[in-house]
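>>> Here is a sequence with its predicted model. Questions after.
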Amino acid sequence: QVQLVESGGGLVQAGGSLRLSCVASGTIFRLNVMGWYRQAPGNQRELVATISSGGSTNSLDSVKGRFSISRDGAKNTVDLQMNSLKPEDAAVYYCYFMRLGTRQEYWGQGTQVTVSS
């Protein structure tokens, strides 16, 4: 089992910045993908950004150039730096962990990001 705990959400004005952090604990499989998804009311959960244990990244087109993802393999953490936030970025952000191979997935409890216009 993998447990994920997020931190760093909150309220910010449009144009501002927030940094989300997630720490994974438990049985951390060496080959994995960590990242962030988000879900706004009435919308489906969508991928924001992911980063593999090998360093490969993937991100939503609408956040490219504004958000950046990073990880610390030794600490089992993944961070999402969000700059130039827009009201449409407001959502609950979920930390994500997937074991490569079995594709078993784990989710954090979510952290709210609110962006005021």
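Structure received. Numbering: from 1, shown residues only.
>>> C-alpha only now, for contacts and for neighbours.
OK.
>>> so is W36 in a helix, a strand, or just coil?
Counting by DSSP: H, G, I helix; E, B strand; the rest coil, the backbone at W36 sits in strand.
>>> Next, count neighbours for it.
Counted with other CA atoms under 10 Å, residues neighbouring W36 total 26.
>>> how about the strands in the protein?
Assigned by DSSP state E, the strands in the chain fall at 2-7, 10-13, 18-26, 32-39, 46-52, 57-59, 67-72, 77-82, 91-99, 105-107, 111-116.
>>> Columns mean pLDDT on top of the ones you listed, output as TSV?
Listed next are the strands of the chain as TSV, based on pLDDT from 0 to 100:
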stretch	mean pLDDT
strand 2-7	96
strand 10-13	98
strand 18-26	97
strand 32-39	98
strand 46-52	98
strand 57-59	97
strand 67-72	98
strand 77-82	98
strand 91-99	97
strand 105-107	97
strand 111-116	98
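>>> Which residue lies nearest the spatial centre of this protein?
W36 (2.1 Å; CA atoms, centre = their mean).
>>> Name the nearest residue to that one, ignoring sequence neighbours.
Nearest-residue entry for W36: C95, 4.7 Å, with adjacent residues in sequence omitted and distances by CA to CA, 6 or more residues apart in numbering.
>>> I'd say the one you found and Q39 touch.
No: counting by CA atoms under 8 Å, no contact exists between C95 and Q39, whose distance comes to 11.6 Å.
>>> higher neighbour count, those two?
Using other CA under 10 Å as the criterion, C95 and Q39 rank with C95 on top: 29 against 19.
>>> tally of neighbours for A49?
Residues near A49, counting by other CA under 10 Å, number 24.
>>> show me the contacts for it.
A49 makes contact with 35-37, 57-60, 68-69 under the criterion CA atoms under 8 Å, 6 or more residues apart in numbering.
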